[in-house]
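Novice: build me a model from this:
(chains A and B)
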Number of protein chains: 2
Amino acid sequence: MKAELLTIGDEILIGQIVNTNSVWMAQQLNQMGVQVCHMASVADDETAIVDAFDAAAKRADFVFITGGLGPTKDDITKKTFANYFDAPLEENQQILDDVQSFFTARGRDMGRLNRMQALVPKGCVVIRNSVGTAPGMWMQKGKTVYVSMPGVPYEMKEMMLKTILPKIKEEYALPFIYHKTVLTNGIAESTLSELISDWEDALVHSNIKLAYLPQPGMVRLRLSTQGSDFDQLKKAVAKEIEKLQVIIQKYIFGYEEYGEESPSLEKIVSDLLRARKATLSIAESCTGGYVSSLFTAISGASDVFKGSVVPYANIIKHSLLEVDKALFDTVGVVSRECVEQLAQNVLKKFDSDYAISISGIAGPNGGTAEKPVGTVWVAVATRKDVRAIKFQFGDNRQRNIVMTANAAINMLRKVILKEME
Amino acid sequence: MKAELLTIGDEILIGQIVNTNSVWMAQQLNQMGVQVCHMASVADDETAIVDAFDAAAKRADFVFITGGLGPTKDDITKKTFANYFDAPLEENQQILDDVQSFFTARGRDMGRLNRMQALVPKGCVVIRNSVGTAPGMWMQKGKTVYVSMPGVPYEMKEMMLKTILPKIKEEYALPFIYHKTVLTNGIAESTLSELISDWEDALVHSNIKLAYLPQPGMVRLRLSTQGSDFDQLKKAVAKEIEKLQVIIQKYIFGYEEYGEESPSLEKIVSDLLRARKATLSIAESCTGGYVSSLFTAISGASDVFKGSVVPYANIIKHSLLEVDKALFDTVGVVSRECVEQLAQNVLKKFDSDYAISISGIAGPNGGTAEKPVGTVWVAVATRKDVRAIKFQFGDNRQRNIVMTANAAINMLRKVILKEME
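Specialist: Residues are numbered from 1 along each chain as shown, chains lettered A, B, ... in the order given. Below is the predicted model:
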């Protein structure tokens, strides 16, 4: 079963809004075994819409259309819909009642424009809208089903979850689709690809597809498969992941389970800390508060995060965190010695079980021949010892900050796991 | 001049990532007078890609393609590109040198797979990639120009800004499109809309369109117009903005000039500080490092930003920033007294000219009847005095953090401007 998602509206084409409706619909459809084969966005223009309808019929069994259902003049989806199916618009009593109740409940007058919401093409299956005024419409032409919904995200979601997806599940036999994603850190996409090349080649004998999803500082590997037996699919993927673990275990920091959001590195580390009732403090210079903000973005951060210092000016590294001033003129603040002292001292000051410290040159200025932009020292301290690693990133400031954060949090993760062995 | 945006990759179709590339490209193209008439996303599948190329040729003068250029096996855009133009892949020396330098600079080996990045279809105009390894490719078939770029957002953006957009500007005659955006803070969209209603109604007599672009804590008002005389357009918009200033001056914190990125509140404040050779330090509790990370994301932050403390655990507010412990059991740490002490003490410790302090309940837990989730106290200290304001935001943690940051930075901006009067 194949689906196409069609968004209608100028606001997408001028880049004024992000098309989050399509992301959500794709996730929902995929999870129930409907494959999304195409997405398109077109303007509020009858010819463009009709062309898109025709093109979709060649590719898809279902076309999910959002947008252009408002009562104002620039919204022309419904008129086009009626013309396309050669079905005149007629007033639907149920929808008229719904719209009337909607306004009555809000103590407002329905008005002439809103009454038009009750007009639907003759013969269409009406999808009621319990949170807004524009109804959805379900029509068929040849083998293709067209479902038109409002563009307002929560109205569309309500219709999909309450009416449309259950209707599809009931009326069509769908295969199961299963995904699991392996999260890796500390290895470049190309190196990873070479490392797992044999394993990847052997995948062709299974029904499993692999996708590389690189992000700054990490690569996600997604395994997808489909079939009629869900448990079988799950087992097949688990088997391949086991083989993969043998090859790249040290780079894997987590998994994204089917239907769940991908856990971030900081979430994984926070959970590790929480399970051990351990706490963290941070001294971060070149990342300027970014690593702390990642940990504190998680609800319940106060269980594990005691706080941090951003000793951006060098003198603060000395005055607040007692880094030996003599270092400034010898090895400098971007050095093993400096981050080791920072980590150990912030740990003591905050009385935490672990500490991360970071000092580097984010760029674009401040680099030298010896320490070019992108040079970053990271240390992780425990109550017993401290270790430091030097990283060399690129010349993009924002990217260096993100890469450093990932590297530092991953370093802490490894230290904790090592202690648990 | 019409353009189509084509995204290639299964990760969009299964809803794994949001298509932010298309939003950004649409904005950029619109600003320079190129109309985006269609957007599509297709799978990593040769037939689907070729069909999309053919369909685009009927609609658009330019087709901007992103994705599928990685060196791994699931990326097939380049092969398809070469087949479509009947141009065999050949190694390009310049790109090979670029890829080689990329890896040398990072102290890594290029490897066999990455060498393949230097393969490009014969006869294509190569777009160099200064921040990654996959080159862009510019090919023409009939009247339609196809430009293929990597899907990694910052690589795509770098190519567009550095090479592709300037090339289009130089080679094609485009109408002038002029935008200027008024940045407001501290007023809700609906209130703003009522306040400027008469001014907005009068806009119909001009050739100027208005768009409301709300973000957490701020509303941007974009005025757009197009025509053949750039100076004329600019003057017409300036005239309308003058009228607007009379109505809402106190909410305006900046302007986004045509073709420039919107100046963030923190950039505006950093520039104010720099101009006065003044420095800033921060004590932020519930925002957990986010405000600091905003200031340090700006290149040259060390000129104005001395650092910060994130006293997330209450005891740190006392031990590191000497907040009177007696407060904890009386007014609590989310109080005027606490933020005033935090601001004054961090200012002294960091010897800065200004200090921001923040203490609040970001949520979703921790609220009480008296201080519900979303209650936030912010203080701004100067070397002479301190003032504090209480804000009441909503119940979304992430949104509360962003709203607090905007409110706090705007408060500092007003204090500085007041001193300059």
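Novice: how about the helix or strand of chain A with the lowest mean pLDDT: buried residues?
Specialist: Using mean pLDDT, DSSP states H and E, helix A:111-115 stands out as the lowest-scoring helix or strand of chain A, at a mean of 78. For helix A:111-115, the neighbour count (16 or more other C-beta atoms under 10 Å in any protein chain shown) marks A:114-115 as buried. C-beta: built from backbone N, CA, C; applies to glycine.
Novice: residue A:370 versus the residue lying farthest from the centre of chain A, what's the distance?
Specialist: The centre of chain A is farthest from one residue, residue A:326, which by C-alpha atoms, centre = their mean lies 45.4 Å away. Per C-beta to C-beta, to the nearest Å, residue A:326 is found 19 Å from residue A:370.
Novice: what's the answer for residue A:279, then?
Specialist: Distance, residue A:279 to residue A:370, using C-beta to C-beta: 36 Å.
Novice: these two: who's more crowded?
Specialist: residue A:279 (21 against 8; other C-beta atoms under 10 Å in any protein chain shown).
Novice: without its sequence neighbours, what residue ends up closest to that one?
Specialist: With sequence-adjacent residues excluded and distances taken as C-beta to C-beta, 6 or more residues apart in numbering or on different chains, residue A:279 is closest to residue A:352, at 4.3 Å.
Novice: and what of residue A:51?
Specialist: Counting by C-beta to C-beta, 6+ apart, the residue nearest residue A:51 is residue A:42, at 7.8 Å.
Novice: ramachandran coordinates for the one you found?
Specialist: Per-residue torsions, residue A:42: phi -130, psi 170 (degrees, to the nearest 10).
Novice: and it, how many neighbours does it have?
Specialist: Residue A:42: 27 surrounding residues under other C-beta under 10 Å.
Novice: from residue A:8, how far off is it?
Specialist: Applying C-beta to C-beta to residue A:42 and residue A:8 gives a distance of 6 Å.
Novice: one more: residue A:291?
Specialist: Distance of residue A:291 to residue A:8, given as C-beta to C-beta: 42 Å.
Novice: of the two, give the one with the bigger neighbour count.
Specialist: Taking neighbours as other C-beta under 10 Å, residue A:291 and residue A:8 compare with residue A:291 leading, 29 against 26.
Novice: which ones are touching the more buried one?
Specialist: By C-beta atoms under 8 Å, 6 or more residues apart in numbering or on different chains, the residues touching residue A:291 are A:282, A:284, A:308, A:356, A:358, A:404-405, A:408-409, B:289.
Novice: cool, residue A:152 as well?
Specialist: residue A:132.
Novice: and it, backbone torsions?
Specialist: Here is the backbone geometry of residue A:152 (degrees, to the nearest 10): phi -60, psi 120.
Novice: likewise for residue A:396?
Specialist: Phi and psi for residue A:396, reported as degrees, to the nearest 10, are phi -100, psi 120.
Novice: ok, the residue nearest to it when sequence neighbours are not counted - contacts?
Specialist: Nearest residue to residue A:396, sequence neighbours excluded (C-beta to C-beta, 6+ apart): residue B:131, at 6.2 Å. Residue B:131 is in contact with A:394, A:396, B:154-155, B:158, counting by C-beta under 8 Å, 6+ apart.
Novice: for ChimeraX, write the selection for the buried entries among those.
Specialist: To isolate in ChimeraX the members of the contacts of residue B:131 that are buried, counting by 16+ other C-beta under 10 Å, one can use:
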select /A:394,396 /B:155,158
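Novice: got a list of what residue A:191 touches?
Specialist: Contacts of residue A:191 (C-beta under 8 Å, 6+ apart): residue B:111.
Novice: err, residue A:403, not the other one
Specialist: Contact analysis of residue A:403 by C-beta under 8 Å, 6+ apart lists A:216-217, A:391, A:393-394.
Novice: about what we covered before: where do the contact lists of residue A:42 and residue A:8 overlap?
Specialist: Joint contacts of residue A:42 and residue A:8 (C-beta under 8 Å, 6+ apart) are residue A:49.
Novice: give me the three-state assignment for the nearest residue to residue A:111 once chain neighbours are set aside.
Specialist: Spatial nearest neighbour of residue A:111, chain neighbours left out: residue A:103 (7.9 Å); criterion: C-beta to C-beta, 6+ apart. Classification of residue A:103 by DSSP: H, G, I helix; E, B strand; the rest coil places it in helix.
Novice: near chain B, which residues of the stretch 151-300 of chain A?
Specialist: Contact residues, the stretch 151-300 of chain A versus chain B (C-beta under 8 Å from any C-beta of the partner chain): A:179, A:188-191, A:193-194, A:200, A:209-214, A:222, A:224, A:282, A:284, A:286-293, A:295-297, A:299-300.
Novice: how does chain A divide into domains?
Specialist: A:2-171, A:176-256, A:265-420 (automatic domain parsing).
Novice: give me the mean pLDDT for the last one.
Specialist: If you average the pLDDT over domain A:265-420, you get 96.
Novice: the shortest one now?
Specialist: If you average the pLDDT over domain A:176-256, you get 90.
Novice: now the end-to-end length of that domain.
Specialist: 18 Å (C-alpha to C-alpha, to the nearest Å).
Novice: before we move on, back to that, need the winner for burial among the domains of chain A.
Specialist: domain A:265-420 (a mean of 21; mean count of other C-beta atoms under 10 Å in any protein chain shown).
Novice: compute the first-to-last residue distance for it.
Specialist: End-to-end span of domain A:265-420 (C-alpha to C-alpha): 18 Å.
Novice: any idea how far that domain is from the chain center?
Specialist: Computed by C-alpha atoms, centre = their mean, to the nearest Å, the chain-centroid distance of domain A:265-420 equals 26 Å.
Novice: also stretch A:114-124?
Specialist: Once both centres are worked out by C-alpha atoms, centre = their mean, stretch A:114-124 turns out to sit 37 Å from its chain's centre.
Novice: show me the two of the contacts of residue A:403 that sit farthest apart.
Specialist: A:216 and A:391 (12.8 Å; C-beta to C-beta).
Novice: how about the residues of the stretch 1-150 of chain A by chain B?
Specialist: So the stretch 1-150 of chain A meets chain B at A:12-20, A:22-28, A:30, A:36-43, A:48, A:55 (C-beta under 8 Å from any C-beta).
Novice: residues contacting residue A:297?
Specialist: Here residue A:297 is in contact with A:266, B:288, B:290, B:397-398, B:401 (criterion: C-beta under 8 Å, 6+ apart).
Novice: pretty sure the residue nearest to residue A:396 sits in a strand.
Specialist: No. Using three-state DSSP, the secondary structure at residue B:131 is coil, not a strand.
Novice: let's see the pLDDT reported for it.
Specialist: Residue B:131 is given a pLDDT of 88.
Novice: follow-up on the earlier one: the residue nearest to residue A:279 touches residue A:273, doesn't it?
Specialist: No. Residue A:352 is beyond contact range of residue A:273, at 9.7 Å (criterion: C-beta atoms under 8 Å).
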